[in-house]
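1. Provided below are the primary sequence and the corresponding predicted coordinates.
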Amino acid sequence: FILVSKLAVKKSGLVPGLVYRGRPVAAWFELDFDGKPVVIYSVHMPTPRPEFNQLRGRGFLAELIGGKGIYSSEVRTSYRQYWDERFRLADGLIETLRKEQRPFILVGDFNIPDHGCLFGRFKSGFTDVFAAKGCGYGLTFPGLTRNPKTWFGAWLRIDYIFADKNLRPLYCRIEPRQNAQHRAIAAMFEMELPKKSISPPHPRNPDTNIS
């Protein structure tokens, strides 16, 4: 996990407990924003591609005869175990974020589409920045493809920026084209500061406001 920032990085570390097959899936970086801490959580959830490939095998008819692919109890068990792990990782990350006292932004490759149970768990607790301030479909994967059915461009939204209630999104855009696996996302935020109480004017000088 790498964060490039013009703001000073005060602290950083891996999110404890979020490990898949020996590899961490999330890290955090505390930035100094004008004297106030803001935390960036960087996420890279494991891809389901190997599990999908096992289910598909050599094709419907070929695996029907051979009893493999989706017809294999071993493959189906591996598929269920993968999604059980994905839900465990998602729930662990969400629990960490609910305990976070500092303003935070959650970014990265979640490897889930923008619908379904897993996505709903994040959307219900945090602001989906592209949905709030983006334009279009927000497709990020693949950055470039040779598939004419997708007009040689992205056809999945699996990369996201989420924010907590202390950060109000002002802008979010997906880069229009990129010869890479994923397209980048850019966003701008405004920090919601606690409102100061305003004392009533002094009775002897009604033109003076004291805050």
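-> Okay, I see it. Remember, predicted model here, so these are calculated numbers, not experimental data.

2. pLDDT weak spots in this protein?
-> Within the chain, the ranges that satisfy pLDDT under 70 run 193-211.

3. packing partners of the longest helix anywhere in the chain?
-> Assignment by DSSP state H gives helix 73-99 as the longest helix of the chain. Helices and strands touching helix 73-99, by 3 or more Cβ pairs under 8 Å, 6 or more residues apart in numbering; DSSP states H and E, are strand 36-44, helix 49-56, helix 117-125. (C-beta placed from N, C-alpha, C; glycine too.)

4. dump the shortest one to CSV, restricted to CA.
-> Output in CSV follows, covering the C-alpha atoms of helix 49-56 (Å, rounded to 0.1, in the frame of the first residue of the first chain):
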residue,chain,number,x,y,z
ARG,A,49,-11.7,-14.2,-10.9
PRO,A,50,-10.0,-17.5,-10.0
GLU,A,51,-13.2,-18.8,-8.4
PHE,A,52,-15.3,-17.7,-11.5
ASN,A,53,-12.8,-19.4,-13.8
GLN,A,54,-13.0,-22.7,-11.8
LEU,A,55,-16.8,-22.6,-12.0
ARG,A,56,-16.8,-21.9,-15.7
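
5. contacts for it next, please.
-> By Cβ atoms under 8 Å, 6 or more residues apart in numbering, the list of residues contacting helix 49-56 from outside reads 69, 70, 75, 76, 78, 79, 82.

6. farthest pair within those?
-> 69 and 82 (15.4 Å; Cβ to Cβ).

7. follow-up on the earlier one: give me the buried subset of the contacts of helix 49-56.
-> 69, 75, 79, 82 (16 or more other Cβ atoms under 10 Å).

8. looking at these, which is nearest residue 161?
-> residue 82 (25.1 Å).

9. closest to residue 95 out of the helices and strands packed on helix 73-99?
-> Using Cβ to Cβ, the helices and strands packed on helix 73-99 put helix 117-125 closest to residue 95, at 10.2 Å.

10. tell me who's in contact with residue 66.
-> Per Cβ under 8 Å, 6+ apart, neighbours of residue 66: 57, 58.

11. now it: how far from residue 154?
-> 34 Å (Cβ to Cβ, to the nearest Å).

12. can you show me the strands along this structure?
-> Secondary structure of the chain (DSSP state E): strands located at 9-14, 19-20, 23-24, 26-33, 36-44, 104-109, 127-128, 159-163, 167-174, 185-191.

13. check contacts around the residue lying closest to residue 104 once chain neighbours are set aside.
-> Excluding its sequence neighbours, the residue lying closest to residue 104 (Cβ to Cβ, 6 or more residues apart in numbering) is residue 39, at 4.2 Å. The contact partners of residue 39, taken as Cβ under 8 Å, 6+ apart, are 28, 29, 30, 31, 100, 102, 103, 104, 105.

14. wait, doesn't the fifth one sit right on residue 165?
-> No: look at residue 100 against residue 165 with Cβ atoms under 8 Å: they stay out of range, at 11.3 Å.
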